[in-house]
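In: Quick check, what structure comes out for this input:
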Amino acid sequence: MRKQMQAIYRRGMAAVAMLVLGVYNTMAQSSAGIDQATTEVNSYVDPVANLIIAIGAVVGLIGGVRVYIKWQSGDQDTQKAIMGWFGACLFLILVGVVIRSFFA
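Out: Numbering: from 1, shown residues only. Sure thing, here's the model as predicted:
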């Protein structure tokens, strides 16, 4: 009877050890995957932020030309166009800066 209990105890301890090692191995693999994904996402942050700032510059130039044309033609809606143009440029530039600071 005692030998049977010892055998059951040993099997139970072996099962617990295998379970603990399996969980530890799984956690290590998921941590490595998360680290790899973080590194990959961080590698895209600078190009995306630069692209957004470049788009903001192009929108700024086009908007500036449109405002200038409205101003020269004497349109009464010039102030509204300036505010919309300035807001769009400011938004795109701030998005680029916020993305860079959020992931850095």
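In: so how far is the helix or strand of the chain with the lowest mean pLDDT from its chain's centroid?
Out: Averaged element by element with mean pLDDT, DSSP states H and E, the chain has its least confident helix or strand at helix 2-73 (a mean of 78). Here the centre of mass of C-alpha atoms in helix 2-73, compared against the chain's by Cα atoms, centre = their mean, to the nearest Å, lies 8 Å away.
In: Which secondary structure elements does the helix or strand that it is followed by sit against?
Out: Secondary structure here is assigned by DSSP states H and E; on that basis, the next helix or strand after helix 2-73 toward the C-terminus is helix 78-103. Judged by 3 or more Cβ pairs under 8 Å, 6 or more residues apart in numbering; DSSP states H and E, the packing partners of helix 78-103 are helix 2-73. In this view, the C-beta of every residue, glycine as well, is placed from N, C-alpha and C.
In: Now Ile93: closest residue in space, sequence neighbours ignored.
Out: Of all residues not flanking Ile93 in the chain, Gly56 sits nearest, at 4.8 Å (Cβ to Cβ, 6 or more residues apart in numbering).
In: measure that neighbour to Gln79 for me?
Out: Applying Cβ to Cβ, to the nearest Å, one obtains 21 Å for the distance of Gly56 from Gln79.
In: One more: Phe103?
Out: Phe103 sits at a distance of 37 Å from Gln79 (criterion: Cβ to Cβ).
In: and what of Asn50?
Out: For Asn50, the distance to Gln79 (Cβ to Cβ) stands at 32 Å.
In: do Arg66 as well
Out: Separation of Arg66 from Gln79 (Cβ to Cβ) stands at 13 Å.
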